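K.L.:
here is the input, now give the coordinates:
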Amino acid sequence: MPGGAYRHNMKEARPIGPRRRPHVRRYARPHPRKPMLRRLVPIYFELAKARLSALVVATAAVSYVVAAGDGPLALAGLFWTAVGTALATGGANALNQWIEVERDRRMQRTRERPLPTRRIGSRHALLFGAGAAVAGPVLLALFVNALSALLALFAALLYVLVYTPLKARTPFCTLVGAVCGALPPLIGWAGATGRITAGGLVLFALLFAWQIPHFLALAWLYREDYARGGFRMLPAIDPNGRVTFHMVMLYTLALLPTALAASLVGAAGPVYAAGSLLLGLGLLFLGAQLYVQRNNAAAKRLFLASVVYLPLLLGLLALDRGPAGRLSRPAEARDAAPERGLPARPELPAGDASVSPISS
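P.N.:
Numbers count the residues shown, from 1 in each chain. Modelled structure (predicted):
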């Protein structure tokens, strides 16, 4: 049959065999994609662990406010202290993820992060992390003071070069990590006063003590995941929890006098003292529950309570701050600070350039 064989039915006649599609000229439509910056910003936030970094920045900002005491608050100094701390913290977190990418792929909790899922390239993440970690101390040095910049740089280096490799080697890494997390209050205090005094050291000790039960409760919940990733966190190598829960009790107990010490050194008032006592007793009760029950439900309650405890305590500290920071600054620095909008540093004696900015 000319033109090829056809199969007939009542509706149509179709050729038998493969059909050729008619040639249709198609014009490629551009694939709808988000602008580059809009796609990268959420990834940068994940690399920087934005929620965790926000809490860290809050501790530095509250410390700055408390250090100002009852004197005028230099808003420009507070702003640059917060920005510098945020960049240094976010950069250190990004570098931590860049180093641990292979371990993160093995953990259920972390395998959806940007690097394990390849939503961002390794070199790109490295440049972002290093750039932020350097930019933070530089901004602090330019707009706040050298001491706050040195503390921020030290915190970032300690987190990346010491804490990160220790996580795969020893459970004592938690103590090193707690030092890293306790340094931001010192950054804020130094930013406001140009020196480290008793009030700043008390806030450092408070953040250090808080982090131990906070992290150990979380690590107990994810102990199998940490073991899968090759991290030697204490709960991962302490299956019955004997040492873990003793540490939780020890540091929740230590929080009570440490938090009250802020009032004793003049950094806070009586309202803060009463509130810190109530909050500390509540956290101690939940720590004791975990010590007795030793199960995931108790660990989760303690972890969530620790997340609530710190913002409430910081709020009380900011609202009921004492005169400690104001009294810790020399008279000429207090007089000059309102004129510049930043806390001024005292002049060094002539011919004595070796005087340390850290006072006793």
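
K.L.:
run a quick neighbour tally on Leu55.
P.N.:
16 (other C-beta atoms under 10 Å). The way it works is simple: take the backbone N, C-alpha and C, and place the C-beta from them, glycine included.

K.L.:
and it, what is it in contact with?
P.N.:
Neighbouring residues of Leu55 by C-beta atoms under 8 Å, 6 or more residues apart in numbering: Leu310, Pro311.

K.L.:
spatially central residue for this protein, please.
P.N.:
Ser53 (3.2 Å; C-alpha atoms, centre = their mean).

K.L.:
which residues does that residue contact?
P.N.:
Listed by C-beta under 8 Å, 6+ apart, the contact partners of Ser53 are Ala86, Thr89, Gly90, Asn93.

K.L.:
please convert these to JSON lines, extending it with neighbour count and distance to Arg119.
P.N.:
Shown next, in JSON lines, are the contacts of Ser53 (neighbours: other C-beta atoms under 10 Å; distance: C-beta to C-beta, whole Å):
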{"residue": "Ala86", "neighbour count": "22", "distance to Arg119": "22"}
{"residue": "Thr89", "neighbour count": "32", "distance to Arg119": "21"}
{"residue": "Gly90", "neighbour count": "28", "distance to Arg119": "17"}
{"residue": "Asn93", "neighbour count": "24", "distance to Arg119": "16"}
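
K.L.:
I'd like those residues as a markdown table, with pLDDT, distance to Pro257 and secondary structure appended.
P.N.:
Formatted as a markdown table, the contacts of Ser53 follow (pLDDT from 0 to 100; distance: C-beta to C-beta, whole Å; DSSP: H, G, I helix; E, B strand; the rest coil):
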| residue | pLDDT | distance to Pro257 | secondary structure |
| --- | --- | --- | --- |
| Ala86 | 97 | 31 | helix |
| Thr89 | 97 | 28 | helix |
| Gly90 | 97 | 33 | helix |
| Asn93 | 97 | 31 | helix |
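
K.L.:
nearest to Leu203 among the residues you listed?
P.N.:
Thr89 (16.3 Å; C-beta to C-beta).

K.L.:
thinking that closest one is in contact with Gly136, fair?
P.N.:
Yes - taking contacts as C-beta atoms under 8 Å, Thr89 lies within contact range of Gly136: 7.4 Å.

K.L.:
give me phi/psi at the residue nearest to the centre of the chain?
P.N.:
Backbone geometry at Ser53, expressed as degrees, to the nearest 10, gives phi -60, psi -40.

K.L.:
contact partners for Ala86?
P.N.:
Here Ala86 is in contact with Ser53, Ala54, Val56, Val57, Gly136 (C-beta under 8 Å, 6+ apart).

K.L.:
what's the overlap in contacts for Thr89 and Gly136?
P.N.:
If you check Thr89 and Gly136 against C-beta under 8 Å, 6+ apart, the residues they both contact are Ala156.

K.L.:
could you pull out the buried residues of the one helix or strand Gly191 maps to?
P.N.:
Using DSSP states H and E, Gly191 falls within helix 173-193. Of the residues in helix 173-193, 173-174, 176-193 count as buried by neighbour count, 16 or more other C-beta atoms under 10 Å.

K.L.:
quick check: buried residues in stretch 54-61?
P.N.:
For stretch 54-61, the neighbour count (16+ other C-beta under 10 Å) marks Leu55, Val56, Val57, Ala58, Thr59, Ala60, Ala61 as buried.
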